[in-house]
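> Have a look at this fold, sequence not included:
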């Protein structure tokens, strides 16, 4: 989402950093560019004005520290102010002293509440918080069935209107109370309530949510906002916050191509912290929001901590250790091992997202990946088109075999040749690293 904002903002800061002497005129010019970039990214006008004013005030006299260039000091000021704009510190969830903790998910229809409910349940399950889902959207057809299917994928219990006695549309408050009672019987520690949405904020929706809040007294009211809706997301956040006093925000579709200004604005206009962000379609694609790490990504400084966390969740440690040991042996990895390693990486999410978390990643590399996002799938198709013997012994791949593999994978022979060449280069590099490691141990 932040690709355009990141590229333009880092270009402005790079120009300022490259100047030996940072004059007052240069600072003013830089701040004008930063203001323009933020406004183009859909950040609200008032927040942009406040942000640039704070940066300008702090930038006065930046030349006092001689060990660091004025341009680098200005980058640090912009970094710190962006962190404050996004909330300053990471905000965790509030849990009840006596379980179960009740979490209401609110938002407009289409913002991704139901999927977010399941993703949050999956996250809480990994954290040993024993989640339980309640389908409280009694208006949208098949809303309960959708939540039940998602609950089945992550192996979490779900409760809905179909389990209540009687015909007709049930009262939402009675439904949620019954769901919380069932969660208590199942010894659940957290209850996630997927409430109904509308196409726009209306009095009926808010009245129902206000009554529900008063009846069940939730520890968390999380607003699920679609990050693709731009400034509308900010207006929606204001409306829900004024009526309910939301305790946090979940921004969905942060892996999309919107301009990103909503994410930068939503905390500033509501005061409610952004607690989670949706970064993909998978059930594990819900990340805790950390302002400092997000700013690191925006300013292309990387997010190594986030990368490590993804690896810990997705990668099979025993398998990774086996591959690492084999890679440094005399024989080295074969294509079957390469396929296993590639699938481990794919579990961590889209490759362009992983590259964006590496500090100093060249733009050219990012553009190449973005230009061909299915490259990993093509590589996998080529390797799967080989026989088990060919994967173990790539040296037997002559011209006719390579032609057969290309046809089987639906790719060209040139792509097969390119893959084999890159594999051999990687294999040699891994062997070299193994030799260096053994020399260092002597």
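Cool, the structure landed. All of these numbers come straight from a predicted model, not from anything done at the bench.
> Let me see the domain layout of the protein.
Domains of the chain are assigned by automatic domain parsing as 3-85, 101-301, 314-441.
> And the strands in the stretch 251-400 of the chain, which stretches?
274-278, 286-288 (DSSP state E, counting those that start in this stretch).
> How about residue 147, nearest residue that isn't a chain neighbour?
Among residues not flanking residue 147 along the chain, residue 135 sits closest, at 4.4 Å (CB to CB, 6 or more residues apart in numbering). Just so you know, the C-beta spots here come from the backbone N, C-alpha and C atoms, and that holds for glycine as well.
> ok, back up a step: how about the strands of the stretch 251-400 of the chain, which one is nearest residue 218?
Nearest to residue 218, of all the strands of the stretch 251-400 of the chain, is strand 274-278, at 14.0 Å by CB to CB.
> Give me the helices and strands touching the closest one, please.
helix 113-126, strand 248-252, helix 261-270, strand 286-288 (3 or more CB pairs under 8 Å, 6 or more residues apart in numbering; DSSP states H and E).
> now the second one against strand 274-278, angle please.
Relative orientation of strand 248-252 versus strand 274-278 (axes from the mean of the first three to the mean of the last three CA atoms, to 10 degrees): 20 degrees.
> residues in contact with strand 248-252?
91, 93, 105, 111-112, 115-116, 120, 220-227, 233, 237, 262-263, 266-267, 270, 272-278, 286, 289 (CB atoms under 8 Å, 6 or more residues apart in numbering).
> hang on, the earlier thing: for the residue nearest to residue 147, name its beta-bridge partners.
Counting by DSSP bridges, residue 135 is bridged to residue 194.
> Any figure for the gap between it and residue 150?
According to CB to CB, to the nearest Å, residue 135 and residue 150 sit 10 Å apart.
> More neighbours: which of the two?
residue 135 (28 against 21; other CB atoms under 10 Å).
> That one contacts residue 161, doesn't it?
Yes: contact criterion CB atoms under 8 Å: residue 135 and residue 161 qualify, at 7.1 Å.
> on that earlier part again, so how far is residue 164 from the residue nearest to residue 147?
From residue 135 over to residue 164 the distance is 11 Å, taken as CB to CB.
> Need the per-residue pLDDT for residue 104.
Per-residue pLDDT puts residue 104 at 95.
> Find the helix or strand that it is a member of.
Following DSSP states H and E, one finds residue 104 within strand 101-106.
> which one of the domains of the chain is the most hemmed in?
Most buried of those, by mean neighbour count (mean count of other CB atoms under 10 Å): domain 101-301, with a mean of 20.
> and it, how far out from the chain's middle?
16 Å (CA atoms, centre = their mean, to the nearest Å).
> Going forward, the N-terminal residue is numbered 13.
Yep, numbering from 13; the last one is domain 113-313 now.
> For residue 204, pull up the helix or strand it's in.
strand 202-206.
> Rounded mean pLDDT for that strand, please.
Rounded mean pLDDT across strand 202-206 is 95.
> Packing partners of that strand?
Packed next to strand 202-206, using 3+ CB pairs under 8 Å, 6+ apart, are strand 113-118, helix 125-138, strand 143-147, helix 184-197.
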